[in-house]
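> give me a 3D structure for the following:
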Amino acid sequence: MSMNMKNIDVHALGKVAVLMGGRSSEREVSLMSGQGVLDALRSQGVDAHAFDPAQQSLDALKNQGFDRCFIALHGRFGEDGTVQGALELLGIPYTGSGVMASSIAMDKVMTKRIWRFEGLPTPDWRMVGSAQETSEAFAALGAPMIVKPARDGSSMGLTKVTEAGQCAAAYALAAQYDDEVLCEQFIAGDETTCAVLGSGPGAVALPVIRIEAPGGNYDYQNKYFTDTTQYHCPSGLPADEEVRIQQIVEKAFRTLGCRGWGRADVMIRKSDRQPFLLEINTSPGMTSHSLVPMAARAQAMSYEQLCLTILATAALDNTSPQEPAI
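Down below sits the predicted model:
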């Protein structure tokens, strides 16, 4: 990256709001991410303050004189373009992707449509609106099949369906989180994730992380609250596979117009080692279990330095990403 992050002038960053909590189903994780970011920024001398949009109106950001925002919100009303749009109107630069990219990336189906159009590999899928349509999707896509909300994260409402009798319950669970439900062909093989830092041509993938969850079940509990999931970084993958994943993720990031930072999930099919993009997160977790900090550490970047790096790229859609004062 072009920035000399070890020489950021923290005072030039101004008064910073760390947006955390919010109203989504991922509020609990967001509070953990936000607290980690807040502590890290303060430890580096940043004038950072916690701000929960579920408890204060966003216009209070302007009234309280905040200069920029670090978005540590996850899911709806934080990662989907809504908060980004409000900050655009307020004229307060923020971390991560802009309005359109955030909105598209939050919608797994729209994301997959764009990736497929651009020739990027992603598993086959069906949109469903009932238990019957879920059963029909299962017949078309085959077993196993993943059923999940189209616009939620952290594996909320996700079911791995292995037999037709599970379709109704899987649909009902996913529909609790979103009225749009996605059925996706399951890709058996290595589960990986790859973070990106930067914007435009300067967006660069970090080292790939290979994930081994108990029983292959990388669900909400195993993501955030257990210590039995194993994360390998270095990934242990052949060097050419790692480079291929990084190239695909960088293209996937740029194709959606993402900026600042993000993290894409990629499955490597066991049968032929073909990688498949699952989804991209434009406001990834920053908890003690989170993966972007892990990938950054593999490049000798501390958690604190990572937070500063991301904060320094805060921007508005109608301006170019700001280089930090150095």
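
> contacts, neighbours, all on C-alpha from now
OK.

> after the strand or helix carrying Leu31 comes which helix or strand?
Assessed by DSSP states H and E, Leu31 sits inside helix 27-43. Remark: after helix 27-43, the chain's next helix or strand is strand 47-51, criterion DSSP H and E.

> which other residues reach the helix or strand that that following strand is followed by?
Beyond strand 47-51 on the C-terminal side, the first helix or strand identified by DSSP H and E is helix 60-63. Applying C-alpha atoms under 8 Å, 6 or more residues apart in numbering, the contact partners of helix 60-63 are 17, 90, 92.

> and stretch 274-293, what's buried?
Residues 274-287, 289, 291-293 are the ones in stretch 274-293 that count as buried (16 or more other C-alpha atoms under 10 Å).

> so which residues of the stretch 201-326 of the chain form helices?
220-224, 239-255, 291-297, 303-312 (DSSP state H, counting those that start in this stretch).

> who does the last one touch, helix- and strand-wise?
Helices and strands touching helix 303-312, by 3 or more C-alpha pairs under 8 Å, 6 or more residues apart in numbering; DSSP states H and E, are helix 27-43, strand 68-71, helix 291-297.

> 10 Å - rerun?
Secondary-structure packing of helix 303-312 (3 or more C-alpha pairs under 10 Å, 6 or more residues apart in numbering; DSSP states H and E): helix 27-43, strand 68-71, strand 189-197, helix 291-297.

> wait, which of those is closest to Cys307?
Evaluated with C-alpha to C-alpha, the helices and strands packed on helix 303-312 place helix 27-43 nearest to Cys307, the distance being 6.3 Å.

> from the contacts of helix 60-63, which ones fall inside helices?
Of the contacts of helix 60-63, the ones assigned to helices by DSSP state H are Leu90.

> generate a ChimeraX selection restricted to the buried subset of the contacts of helix 60-63.
Applying 16+ other C-alpha under 10 Å to these, the buried members can be selected in ChimeraX as follows:
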select :17,92
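
> of the helices and strands packed on helix 303-312, which is nearest Leu13?
By C-alpha to C-alpha (comparing all of these), the closest turns out to be strand 68-71, at 7.5 Å.

> what is the mean pLDDT for the closest one?
Averaging pLDDT along strand 68-71 yields 98.

> which helix or strand contains Ala168?
Ala168 belongs to helix 167-175, assigned by DSSP H and E.

> just checking, what packs against the next helix or strand after that helix?
Next along the chain after helix 167-175, taking DSSP H and E as the criterion, comes strand 181-185. Here strand 181-185 touches helix 108-117, strand 125-128, helix 131-141, strand 145-149, strand 159-161, helix 167-175, going by 3+ C-alpha pairs under 10 Å, 6+ apart.

> if we use 7 Å, what do you get?
If you count contacts as 3 or more C-alpha pairs under 7 Å, 6 or more residues apart in numbering; DSSP states H and E, strand 181-185 packs onto strand 125-128, strand 145-149.

> so where's the stretch 101-250 of the chain uncertain?
Applying pLDDT under 70 to the stretch 101-250 of the chain flags residues 153-154, 215-226.
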